[in-house]
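> fold the following and give me the result.
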Amino acid sequence: MLDKFFKITENNSTLKTEIIAGITTFMTMVYILAVNPSILSAAGMDKDAVFTATAVSTIIATLVMALVAKLPFALAPGMGLNAFFAFTVVLGMGYSWQFALTAVFLEGVIFILLTAFNIRELIVNSIPLNLKHAVSVGIGLFIAFIGLKGTGLIVDNPATLVGLGDMKNPTVLVGLAGVLIIGVLFAKKVKGAILIGILASTIIGLFVGVTLIPESFTVMSLPPSIEPIFFKFDFSQVFTFDMLIVLFTFLFVDMFDTVGTLVGVSSKAGMLDKDGNVPRVKQALFADAVGTTVGAILGTSTVTTYVESAAGVAEGGKTGMTALTVAGMFTLALFFAPVFMIIPAAATAPALIIVGLFMISPIMNIDLDDFTESIPAFFTIIMMPLTYSIAEGIVFGMLSYVFLKLLTGRYKEIKPVMYVIAILFLIKFYV
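Numbers count the residues shown, from 1 in each chain. Have a look, this model is predicted:
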């Protein structure tokens, strides 16, 4: 029944492959259950309640992706967006977390409407094919950079922005061991190489003090109540200028993070159709919109499609069965959170580094001889890791594409939607 519903065999996959891919994606993004509550609690929200809201919103959004879009992508409260929520809107601008949640809720409702009227789908399909390939490459470098930071191999450096970490640090050694293990397993064509690498790194971490098991460790526990943060909205300042600014920022970052992830991972997986479009993109965007709306009601920041989905795709995930597995794992995590929480970042980081390698292969499909195509592609690729943002990479890529085509007299190659998007980007920067 699952094979027929998800068309697993038709997509040249197997149920075992899809399940392993789902578990792998879950293992690379389960950190959100620890990180999101930590960030949002800085805004005054109940940390335990945010844990439950994070898990439940992830489950609901990913189920919509699995059952409606039938694509191998997972969703959860987005990193960066949660930091903007807590540190800019609440701590920086001085608004309550209820105000911020209201902005997230309105964003979700607006996205549902934009998706219903095919506006978001129109934006996705308007991105030129070369830029779509570039998005995949940029995401590859971006998540590899995240992985390198997670191992401690790359660290902050006041003089040069980044620098080499301490090679004697156990975290670095565990991370490098994980990369080697996954690399060897892939070279030998072992199925589940990434998942095995994560588990092996976690075990190695036990012996060098990187994997920590707390004294109060219990295998199973009931999820905390979400009552302190459930449906806590503040509509009293909906029509203020600050709400407009906050809402626009949420809308902008979420839209292009999601677009970038869908396009980039689909490109890598060979899922783009003959016209370079993401299959069932409207349904995928609907999952994102529903997740954000429901997440705000439950009490968490914007839900978005996760770039870590690339880890599952690298393991062969091609259908909604991968996403269904992710949703199932997060359901288990609600009750077995202590077990999943002991997996250190150093154990999941090697997976991101290796997946970064896989994501850059579409660079071979980019026309590097046409400078009106290659320069925008290069901007897209390089700006993602350097600005730590998928959205900003897309901004620079699309703006340079429009300007180069216009200035070289090739304006007929620009789709009308691209002009509108370029103007909005310019407004964002200069108005």
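> which secondary element of the protein has the worst mean pLDDT?
The weakest-scoring helix or strand in the chain, judged by mean pLDDT, DSSP states H and E, is helix 337-341 (a mean of 74).
> can you list the buried residues in it?
Residues Ala337, Pro338, Phe340, Met341 are the ones in helix 337-341 that count as buried (16 or more other CB atoms under 10 Å). In this view, the C-beta of every residue, glycine as well, is placed from N, C-alpha and C.
> could you check how far Ala200 is from Ser389?
Ala200 is 32 Å from Ser389, where distance means CB to CB, to the nearest Å.
> in this structure, where is pLDDT below threshold?
Across the chain, residues meeting the criterion (pLDDT under 70) sit at 80, 431.
> and the strands in it?
Counting by DSSP state E, the segments of the chain that form strands are 75-77, 154-157, 161-164, 303-305.
> tell me what the third one is packed against?
Counting contacts by 3 or more CB pairs under 8 Å, 6 or more residues apart in numbering; DSSP states H and E, the secondary-structure elements packed against strand 161-164 are strand 154-157.
> which helices and strands does the strand it packs on pack with?
Judged by 3+ CB pairs under 8 Å, 6+ apart, strand 154-157 is in contact with helix 129-151, strand 161-164.
> quickly run through the sheet partners of that strand, with directions.
Strand pairing for strand 154-157, determined by DSSP bridges: strand 161-164 (antiparallel).
> quick revisit: looking at the helices and strands packed on strand 154-157, which is buried most?
When you average the neighbours per residue for each of the helices and strands packed on strand 154-157 (mean count of other CB atoms under 10 Å), helix 129-151 leads with a mean of 25.
> and the closest residue to Thr202 other than its chain neighbours, what does it touch?
Closest residue to Thr202 apart from its sequence neighbours, by CB to CB, 6 or more residues apart in numbering: Ala347 at 4.4 Å. Counting by CB atoms under 8 Å, 6 or more residues apart in numbering, Ala347 touches Val174, Gly178, Ile198, Leu199, Ser201, Thr202, Gly205, Val210, Thr211.
> isn't the last one right next to Thr348, touching?
No. When contacts are counted by CB atoms under 8 Å, Thr211 is not listed as touching Thr348 (11.6 Å).
> and the two? Which one has more around it.
Thr348 (28 against 18; other CB atoms under 10 Å).
> I'd assumed Thr25 was in contact with the more buried one.
No. Counting by CB under 8 Å, Thr348 stays clear of Thr25, with 10.9 Å between them.
> where do the contact lists of these two overlap?
With CB under 8 Å, 6+ apart, Thr348 and Thr25 have no common neighbours.
> the stretch 151-300 of the chain: helices as residue ranges?
170-187, 193-208, 241-269, 281-298 (DSSP state H, counting those that start in this stretch).
> nearest to Ile423, of the ones you listed?
Among these, the nearest to Ile423 by CB to CB is helix 241-269 (13.4 Å).
> with adjacent residues omitted, what lies nearest to Ala200?
Ile181 (5.2 Å).
> ok, Ile381 next?
Gly138 (4.3 Å).
> and the nearest residue to Gln98 once chain neighbours are set aside, how far from Thr102?
Among residues not flanking Gln98 along the chain, Asp234 sits closest, at 4.0 Å (CB to CB, 6+ apart). Look at Asp234 and Thr102: by CB to CB, they are 5 Å apart.
> more neighbours, the two?
Between Asp234 and Thr102, counted using other CB under 10 Å, the more crowded position is Thr102 (23 against 16).
> give me the phi and psi for the residue most central in space within the chain.
In the chain, the centroid-proximal residue (CA atoms, centre = their mean) is Tyr306; its distance is 2.4 Å. Backbone dihedrals for Tyr306, given as degrees, to the nearest 10, come out at phi -90, psi 130.
> so the residue nearest to Gln98 touches Val104, yeah?
No. Applying CB under 8 Å as the test, Asp234 and Val104 come out as separate, 11.8 Å apart.
> ok, Ile390 - how many residues close by?
Neighbours around Ile390, by other CB under 10 Å: 29.
> how about Ser225?
Ser225, neighbours per other CB under 10 Å, totals 12.
> nearest residue to it other than its sequence neighbours?
When the adjacent residues along the chain are set aside, Ser225 lies closest to Ala49, with 6.4 Å between them (CB to CB, 6+ apart).
> the one you found and Pro224 touch, don't they?
Yes. Look at Ala49 against Pro224 with CB under 8 Å: they come within range, at 5.7 Å.
> follow-up on the earlier one: how near is the residue nearest to Ile381 to Val313?
From Gly138 to Val313 the distance is 16 Å (CB to CB).
> residues in contact with Gly295?
Contacts for Gly295 (CB under 8 Å, 6+ apart) come out as Ala53, Ser57, Ala61, Pro77, Val104, Gly108, Ser301, Thr302, Val303.
> if we can go back for a sec, ok, the residue nearest to the centre of the chain touching Tyr31?
No. Using CB under 8 Å, Tyr306 is not in contact with Tyr31, being 10.8 Å away.
> what sits up against stretch 380-398?
With CB under 8 Å, 6+ apart as the test, stretch 380-398 has contacts from 80, 127, 131, 134-135, 137-139, 141-142, 144-145, 252-253, 255-257, 259-261, 264, 307, 363, 376-377, 379, 418, 421-422, 425, 428.
> repeat that for 6 Å
131, 134-135, 137-138, 141-142, 145, 253, 256-257, 260, 376, 379, 425 (CB atoms under 6 Å, 6 or more residues apart in numbering).
> which pair of those spans the longest distance?
It's Phe145 and Phe425 that sit farthest apart of the contacts of stretch 380-398, by CB to CB, at 23.4 Å.
> which ones among the contacts of Gly295 lie within helices?
Using DSSP state H, the subset of those located in helices is Ala53, Ser57, Ala61, Val104, Gly108.
> those residues into CSV, with extra columns for distance to Leu324 and neighbour count?
What follows is the ones in helices among the contacts of Gly295, written out as CSV (distance: CB to CB, whole Å; neighbours: other CB atoms under 10 Å):
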residue, distance to Leu324, neighbour count
Ala53, 21, 30
Ser57, 16, 30
Ala61, 13, 30
Val104, 26, 29
Gly108, 22, 25
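> so who does the closest residue to Ile414 other than its chain neighbours touch?
Sequence neighbours aside, Lys405 is the residue nearest to Ile414 in space, at 5.1 Å (criterion: CB to CB, 6+ apart). Applying CB under 6 Å, 6+ apart to Lys405 gives the contacts Thr372, Tyr411, Glu413, Ile414.
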